[in-house]
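Engineer: model this:
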Amino acid sequence: MLRHAIALLSGGLFGSGLFISGMTDTAKVQGWLDVFGDWDPTLAFVMGGAMIPMALAWWMRSKRVTALTGEPLPPAPSKEIDTKLIVGSVLFGIGWGLAGLCPGPSIAALSYGGPGLYVFVAAMVTGMAIAPFVRARLDRAVPAE
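Structural biologist: Take a look at the predicted model:
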């Protein structure tokens, strides 16, 4: 029960932060990405501000073996820069630039988004559902590095 309460509180706080910061406004996000046009640098403060609590969380994570709920913490992610990371980052960036949204802000904007947002979220969920199958097929086709 405590785990669900923490997840609900964290998700609500995260969604509120995305909304307040403008990350759910596709025009603002695309303005941030348009560095050679009408660039809007304000999201740099959002991203910079996000690094502070994340750095604190990773530091705290390094000092603990269990979560506040008593459950074991998952292992830290790999620091290796490999093909999967590069391809995933490029695809994420292309989608973010074209749509002006990424997964978190798209979920936060669902309550007021409109038809275009619903299509985006449906495509995102479909992509998440088929990604493991595509990954498995690629792993069989191309041997590990």
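Engineer: CA atoms for contacts and neighbours, from now on please.
Structural biologist: Fine.
Engineer: helices or strands up against the top helix by length along the chain?
Structural biologist: Scanning the chain for the longest helix, with DSSP state H as the assignment, gives helix 115-141. Contacts defined by 3 or more Cα pairs under 8 Å, 6 or more residues apart in numbering; DSSP states H and E place helix 115-141 against helix 103-108.
Engineer: what does the helix it packs on contact?
Structural biologist: Residues outside helix 103-108 that contact it (Cα atoms under 8 Å, 6 or more residues apart in numbering): G15, S16, L18, F19, M23, T24, L117, F120, V121, M124.
Engineer: how about low-confidence regions in this structure?
Structural biologist: 143-145 (pLDDT under 70).
Engineer: Surely L18 touches K28?
Structural biologist: No: applying Cα atoms under 8 Å, one finds L18 not in contact with K28, separated by 11.9 Å.
Engineer: Sketch out the helices for the protein, chain order is fine.
Structural biologist: Per DSSP H, the chain carries helices over the ranges 2-21, 26-33, 43-62, 83-99, 103-108, 115-141.
Engineer: most tightly surrounded among those?
Structural biologist: helix 26-33 (a mean of 20; mean count of other Cα atoms under 10 Å).
Engineer: quick check: angle from that one to helix 115-141?
Structural biologist: 50 degrees (axes from the mean of the first three to the mean of the last three Cα atoms, to 10 degrees).
Engineer: could you give the angle of the longest helix of the chain to helix 83-99?
Structural biologist: Helix 115-141 and helix 83-99 meet at an angle of 160 degrees, taking the same axes, to 10 degrees as the criterion.
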